[in-house]
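Asks: what follows is a predicted protein model with its sequence.
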Amino acid sequence: MNIENFFAKRNRGVEWSGIRIMFALADEIDNVINLGIGQPDFDTPVHIRDAAKKALDQGYTRYPPASGFPDLREVVAEKLERENKIKADPDSEIFISVGAMQGIFNVMLHMIEAGDEVLVVDPGYDYYSQIRLFGGVPVRIPAKEENRFKIDPEDVKKAITSKSKVMILNTPSNPTGAVFDREILEQIAKLCKEHQIVVLSDEPYEHIMFDGNEHVSIGSFEGMKDLTISVYTLSKSYAMTGWRVGYVVANKALIDEMEKLMEHMVSGVTAVAQRAALAAISGSQECVHQMVERYAKRRDIIYNGLNNIKGISCIKPESTFYAFPNISSFGMSSWDFAKYMVKEHKVAVVPGSIFGENGEGFVRISFATSSQNLELALEKIEKGVAAL
């Protein structure tokens, strides 16, 4: 018997992550410098870990509320109003999720039906499998290098049809490090209000900003509260990728549906992780500032180093811990370039085509690693390029 014959047809819309494929390839090779990992290399700050240890002793080992502990939702509401200029009722408009990804999946399940068009930024984070799983149709909005990878609202306007239902925004942006400024977001908000398109705003890198750039949450704009679903995570800001805690801000009707589904999916976010999250959001933010300062120094190392390699050009990232250099001059696909670098020179990067059709000719490099690793990797990349 072939069990695959019994699989639901919708499964065909889900593909293996290209990032995971590259990780698997890198794992087969000894002494690889991995510049593909999209997670902080720092330990979770001590006061957050201590809060989790204390929570264990306090008995936080039982089923948590499906929507999250009330005191955590309360501090999330305070943070949202203080930092994101979004007012949300902690009792009815905030949902604690298993990281940002489970929150996004939950939203997609409730929002997308067969034939619905979902506007996505290209190159941008890979939301394609989740869209297709529920029968949605991705519609690509180009983020062009000549525009520093910021989308043009005119391109958004051209892409809108009667079937457009959701637009996914990810700013600060993975993989490009671009920040969509207030003016761009205001024009997008105007279009979404005019055409009644829901914005799914994915904001995991909200705190990792450089050079005085400002992060703006589109959900804070007038008339956008009920049209915006804002998704956040503690993974990047607090080096908590393995704790799996995020939160979603949305209209009460959607939050109710997400809570109902949560009971059937995973019951709730791990109780101890939620107590750690409470300490992270309500405690001192100095740890975040220190990590961002170190990312900024690493950003300069990778930006200057890449632009000193003949044949490579790189726009200076405004945010995140990613650079997105142009490698098109070598006449290779981004996959071939990435495979060449990891196999022949033991440096792992991520092919740009993973992030959309417009990502071809680029690779994503994570600078969430030590300065020494970055400098050594740059030497290896330069040597590899010279040998082409």
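Replies: Now that the structure is in, tell me what you want to look at.
Asks: for the protein, what are the low-confidence residue spans?
Replies: Per-residue confidence of the chain (counting by pLDDT under 70) places the weak regions at 13-18.
Asks: so which helix or strand takes in the residue most central in space within it?
Replies: Taking C-alpha atoms, centre = their mean, the centroid of the chain lies closest to P204, which sits 5.3 Å from it. Under the criterion of DSSP states H and E, P204 resides outside all helices and strands.
Asks: ok, V139 next?
Replies: Of the helices and strands defined by DSSP H and E, V139 is found in strand 137-142.
Asks: in that strand, what's buried?
Replies: Of the residues in strand 137-142, those buried by neighbour count under the rule 16 or more other C-beta atoms under 10 Å are V137, P138, V139, R140, I141, P142. Every C-beta, even on glycine, is put in place using the N, C-alpha and C of the backbone.
Asks: show me the domain layout of this structure.
Replies: With automatic domain parsing as the criterion, the domains of the chain are listed as 3-44+286-386, 46-282.
Asks: most tightly packed of those domains?
Replies: With neighbours defined by mean count of other C-beta atoms under 10 Å, none of those is more surrounded on average than domain 46-282, at a mean of 19.
Asks: do you know how far the residue nearest to the centre of the chain is from E344?
Replies: 33 Å (C-beta to C-beta, to the nearest Å).
Asks: which other helices and strands contact the helix or strand hosting V385?
Replies: Of the helices and strands defined by DSSP H and E, V385 is found in helix 371-386. Secondary-structure packing of helix 371-386 (3 or more C-beta pairs under 8 Å, 6 or more residues apart in numbering; DSSP states H and E): strand 33-34, helix 286-307, helix 334-345, strand 347-348.
Asks: beyond the longest one, next helix or strand please.
Replies: Yep, that's helix 286-307 we're talking about. Towards the C-terminus, the helix or strand next in line after helix 286-307, according to DSSP H and E, is strand 322-323.
Asks: surely A296 meets G212?
Replies: No. Shown here, A296 and G212 do not form a contact pair, counting by C-beta atoms under 8 Å, at 11.1 Å.
Asks: name all residues that make contact with S334.
Replies: Taking C-beta atoms under 8 Å, 6 or more residues apart in numbering as the definition of contact, the neighbours of S334 are I327, P351, G352, S353, I354, G359, E360, G361, F362, V363.
Asks: quick check: bridge partners of the closest residue to it other than its chain neighbours?
Replies: Taking C-beta to C-beta, 6 or more residues apart in numbering as the measure, S334 lies nearest to P351, with 3.8 Å between them; neighbours along the chain are not counted. In this structure, P351 bridges to V363 when assessed by DSSP bridges.
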